[in-house]
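> Everything below, folded, please.
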Amino acid sequence: MRIVAVTIFLTMLGVTTARADVLDLLRGPLPLMGQPSTATGVSTYDTYDLTKGRTVAAQFPFDPSDMVSSDFYDLALNFYVTNYRSGDAFWLSAARSVATAWRDSINNQNIPKYLAGDYSVGPTIPPPRGMATLGLAIFAAETGDVGARTVVNNHARLVEEAFGMAWSDAREAAYSLIALVASTLLGDDHSASAREMLDVILANQKPDGHWEDTSTSGLVPPNPDGSPQVFVLNYMNGLLMEALAFYDRALDDTRVLPAIQRCVDWTWTTQWLDGAGAFQYGNINSGSITTAPAPDLNGLMLPGWGYAFSRTGITAYRNQGDRIFAGLVATIPSLTWDEKHFAQVYRSSARYLGFTAGGFATPVPTPTPKPTATTKPTPTAKATATIKPTPTPKPPKGATPTPTP
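I've put the predicted structure just below:
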C-alpha cells in the first residue's frame with residue numbers, strides 16, 4: 001500500500017519526506033510480532049528469526065576478508081526488520097553493527113576511487129546484488145550517519161556511471177533500482193535515473209509477465225545453433241517484484257502494479273509446485289538451472305503477492321501468498337543457518353505479512369515530492385563519461401545461482 005498521509009517538510013532547496021515515513025518506505029510495511037495474520041506458521045517463523053538470528057549476529061562477519069559474502073542479502077536490513085517487529089533493542093544494536101562494518105568495508109570505501117577513474121580497485125567493488133543498500137539506508141535515516149548516506153549515494157552513482165541502465169538480469173536490475181530509490185529517499189536525487197531504470201525493466205518484461213536471463217550469463221549452454229538460451233530464475237523475478245513495489249510506494253508509477261500482477265499470475269500458473277509448497281528454481285533443466293522445488297527461496301517471492309493483494313484486494317493473491325508462506329515455514333527447520341540462508345528467508349518475507357495485515361487500500365494519488373539533499377555528502381570525482389568499464393568484483397560465495405543459494 002502506498003503511504004497516503006505522508007508528512008512533508010519544505011526546505012530552501014525543495015521538499016523532503018519526513019524521517020518516519022522514509023523509514024517506513026525503506027523497511028516496508030511490517031506487522032508487530034504476535035499481530036493476527038491469515039498466514040499459518042507465523043509463530044514458528046518468528047521463533048526461528050529470534051533464535052537463529054542471534055547465532056548469525058554472533059558469527060558476523062563470517063569471513064572478514066569477504067564482506068560481500070558476509071553481508072549477502074543485506075543482513076543489516078534483516079536485523080532492522082526484526083527490531084521493528086519485536087521491539088527488542090538487541091536487534092537495533094546488531095543492525096547498526098553490521099551496517100557500520102559494511103559502510104567501512106574496503107568494498108564501499110573504494111567506490112569513490114573507482115568512480116574517479118582508478119579501475120585497479122574494480123575487483124573490490126560490489127556488483128548490484130552485493131551492495132546491500134537498504135540496511136545502510138535505514139542506518140543513515142535512523143541515525144543521521146553521513147558516511148552511510150554517502151555510501152548509499154555512491155551505490156546509486158555506480159548504477160548510473162558504471163553498471164548502466166542496460167538489462168542484464170532481473171536480480172541485478174532489482175538491486176540497481178533499489179539503490180537509486182533508496183538514495184533518492186535520503187535526499188540525493190536519482191529519481192530521473194530510477195525512472196530510466198524502471199523503463200528498462202518494464203520494456204524487458206515479456207507479454208505473459210516474466211523476465212528472462214540468457215545463456216550469456218554462463219549458467220546454461222547456448223542453443224545448438226549458438227544462439228543464447230533463455231531461462232527464468234524465479235527468485236530473481238521475486239526480487240524484481242520487491243524492487244518494483246519499493247519504487248511504486250516511494251515514487252509512484254501507474255505501470256508498476258499491472259507489471260507485478262502479470263508476473264505474479266505467470267509465476268503462479270507455470271512455476272508453482274503445489275505438492276512441494278514451493279516454486280521451481282528455474283523454468284528449464286539445463287546447465288546449473290533446474291526445475292526442482294526451492295522452498296528456501298519462497299521468502300524472496302512473497303512481496304509481489306503481498307503488494308498485489310494490498311493494492312487490489314483480490315483475495316486470490318493473499319490465498320496464494322499464504323500457501324507460499326506456509327511452504328517457507330515448512331522448510332525452515334531443515335535449513336542450514338548460515339548468514340546467506342538466514343537472510344534470504346527473512347529479508348523480504350515479513351513485508352508480505354505487513355502488506356496483508358490490514359486488508360487493502362487503493363492509494364490516493366498525491367504529488368510525489370522531489371527529494372533533495374539538505375546536507376549533501378562531499379562529492380567525489382566523477383569517472384570520465386566516455387569510459388565506463390564494468391567492474392570485475394570479487395564474486396561473492398554462492399554468487400552463481402544453485403538450487404539452494
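> From now on I want contacts and neighbour counts done on CA atoms only, so please keep to that.
OK.
> For the stretch 1-150 of the chain, which segments count as helices?
19-27, 42-59, 67-70, 75-86, 89-103, 106-109, 111-115, 133-143, 146-158 (DSSP state H, counting those that start in this stretch).
> Serialize those helices to TSV and add fields for mean neighbour count.
What follows is those, written out as TSV (neighbours: other CA atoms under 10 Å):
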stretch	mean neighbour count
helix 19-27	19
helix 42-59	16
helix 67-70	24
helix 75-86	25
helix 89-103	21
helix 106-109	20
helix 111-115	21
helix 133-143	25
helix 146-158	25
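> For those helices, give me a markdown table that also has distance to residue 331 and mean pLDDT.
Compiled in a markdown table, these are given as follows (distance: least, CA to CA, whole Å; pLDDT from 0 to 100):
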| stretch | distance to residue 331 | mean pLDDT |
| --- | --- | --- |
| helix 19-27 | 25 | 90 |
| helix 42-59 | 10 | 97 |
| helix 67-70 | 23 | 95 |
| helix 75-86 | 19 | 98 |
| helix 89-103 | 24 | 98 |
| helix 106-109 | 33 | 98 |
| helix 111-115 | 38 | 98 |
| helix 133-143 | 26 | 98 |
| helix 146-158 | 34 | 98 |
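> List phi and psi for residue 289.
phi -100, psi 140 (degrees, to the nearest 10).
> before we move on, what about residue 280?
As for residue 280, its main-chain torsions (degrees, to the nearest 10) stand at phi -60, psi 150.
> count of neighbours near it?
Residues near residue 280, counting by other CA atoms under 10 Å, number 26.
> Equivalent analysis for residue 288, please.
15.
> Need the nearest residue in space to it, chain neighbours excluded.
Of all residues not flanking residue 288 in the chain, residue 219 sits nearest, at 5.6 Å (CA to CA, 6 or more residues apart in numbering).
> The one you found against residue 284, yeah?
No: judged on CA atoms under 8 Å, residue 219 makes no contact with residue 284 at a distance of 11.5 Å.
> circling back to that earlier point, the residue nearest to residue 288 and residue 282, how far apart?
Residue 219 sits 11 Å away from residue 282, going by CA to CA, to the nearest Å.
> Please tabulate the helices of the stretch 1-150 of the chain in CSV, including the columns distance to residue 204.
Putting those into CSV (distance: least, CA to CA, whole Å) gives the following:
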stretch, distance to residue 204
helix 19-27, 26
helix 42-59, 35
helix 67-70, 28
helix 75-86, 28
helix 89-103, 32
helix 106-109, 30
helix 111-115, 28
helix 133-143, 24
helix 146-158, 21
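> out of these, nearest to residue 178?
helix 133-143 (7.5 Å; CA to CA).
> any residues touching the closest one, and which ones?
With CA atoms under 8 Å, 6 or more residues apart in numbering as the test, helix 133-143 has contacts from 19, 22-23, 26-27, 74-78, 80, 95-96, 99, 102-103, 145-149, 151-152, 155, 178-179, 182-183, 186.
> how about it as PDB, C-alpha atoms only?
Below are the C-alpha coordinates for helix 133-143, written out as PDB (Å, rounded to 0.1, in the frame of the first residue of the first chain):
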ATOM      1  CA  THR A 133      21.900  -0.900   0.200                       C
ATOM      2  CA  LEU A 134      18.700  -0.900   2.200                       C
ATOM      3  CA  GLY A 135      20.400  -1.700   5.600                       C
ATOM      4  CA  LEU A 136      22.800   1.200   5.100                       C
ATOM      5  CA  ALA A 137      19.900   3.500   4.000                       C
ATOM      6  CA  ILE A 138      17.900   2.700   7.200                       C
ATOM      7  CA  PHE A 139      21.100   3.200   9.200                       C
ATOM      8  CA  ALA A 140      21.500   6.600   7.600                       C
ATOM      9  CA  ALA A 141      17.900   7.600   8.100                       C
ATOM     10  CA  GLU A 142      17.600   6.500  11.700                       C
ATOM     11  CA  THR A 143      20.900   7.800  13.000                       C
END
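> thinking again about what came up before, quick one, which of residue 219 and residue 282 is more surrounded?
residue 282 (23 against 18).
> from memory the more buried one sits against residue 291, does it?
Yes: contact criterion CA under 8 Å: residue 282 and residue 291 qualify, at 5.1 Å.
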